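>>> here is my input, please return the structure:
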Amino acid sequence: MSTKTFMANEANIERQWYIIDATNMPLGRLASQVAVILKGKHKPTYTPNVDCGDFVIITNTDKVILTGKKLDQKIKFSHSQYMGGGKYKVYRKYMAEKSDDAVYEAVQGMLPKTRLGRAMLKKVRCYKDGVHKHEAQKPQKLELVVKSYNKQ
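Numbers count the residues shown, from 1 in each chain. Modelled structure (predicted):
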């Protein structure tokens, strides 16, 4: 009697939609756990060379926290591709203006830098508040286990 190893492919992948409330969650820990869901590593049918992850909706990104002095010391760098076109923005200002982009970029940093990683990144949606437009997909609420920080 021989058992065959299961290898996932596009024909036998079942994707679900999850919704995550990011209130009072550290940015990096949130991003790493969302990346696991996008890769599909939480499923027993995980296959490394196939995009078998689920869709993730992240709400309340404006309530994400950064621990320590990261709000004042971490810097967002962008470049316009022109000489001297470097732009620097402190994360306190960046999170106040575009917290959904900050969470999106944090998740992007946790995914592989390949075409498979870019396909996984298309399955994440970030919203500043609790309102989203994906009720038709019937997303399931997902509680992530994240260590809480108390400032002392």
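
>>> surely Lys74 touches Lys89?
No: with contact defined as Cβ atoms under 8 Å, Lys74 does not reach Lys89; the gap is 10.0 Å. All C-beta spots, glycine's among them, are computed from the backbone N, C-alpha and C.

>>> show me what counts as buried in the helix of greatest length in the chain.
The residue-count maximum for a helix in the chain (DSSP state H) belongs to helix 91-110. Using 16 or more other Cβ atoms under 10 Å as the test for burial, helix 91-110 gives 91, 94-95, 98-100, 102-104, 106-108, 110.

>>> and it, what does it pack onto?
Where contact means 3 or more Cβ pairs under 8 Å, 6 or more residues apart in numbering; DSSP states H and E, helix 91-110 is packed against helix 27-39, helix 70-73, strand 75-79, strand 124-126.

>>> roughly how far out does the last one sit from the chain middle?
I take that to be strand 124-126. Offset of strand 124-126 from its chain centre (Cα atoms, centre = their mean, to the nearest Å): 7 Å.

>>> for the helix or strand following it, which strands pair with it and how are they oriented?
Moving toward the C-terminus from strand 124-126, the next helix or strand (DSSP states H and E) is strand 140-141. Applying DSSP bridges to the sheet, strand 140-141 is found paired with strand 17-21 (parallel).

>>> quick one on the thing from earlier: got TSV for the helices and strands packed on helix 91-110, with distance to Val146 and mean pLDDT too?
What follows is the helices and strands packed on helix 91-110, written out as TSV (distance: least, Cβ to Cβ, whole Å; pLDDT from 0 to 100):
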stretch	distance to Val146	mean pLDDT
helix 27-39	5	96
helix 70-73	16	96
strand 75-79	23	96
strand 124-126	17	97
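
>>> the spatially closest residue to Ala31 that is not a sequence neighbour: what's it in contact with?
In this structure, Ala31 finds its nearest non-sequential neighbour in Ala106, 3.7 Å apart by Cβ to Cβ, 6 or more residues apart in numbering. Residues in contact with Ala106 (Cβ atoms under 8 Å, 6 or more residues apart in numbering) are Leu27, Gly28, Leu30, Ala31.

>>> burial count for the first one?
Read it as Leu27. Other residues near Leu27 number 23, with proximity taken as other Cβ atoms under 10 Å.
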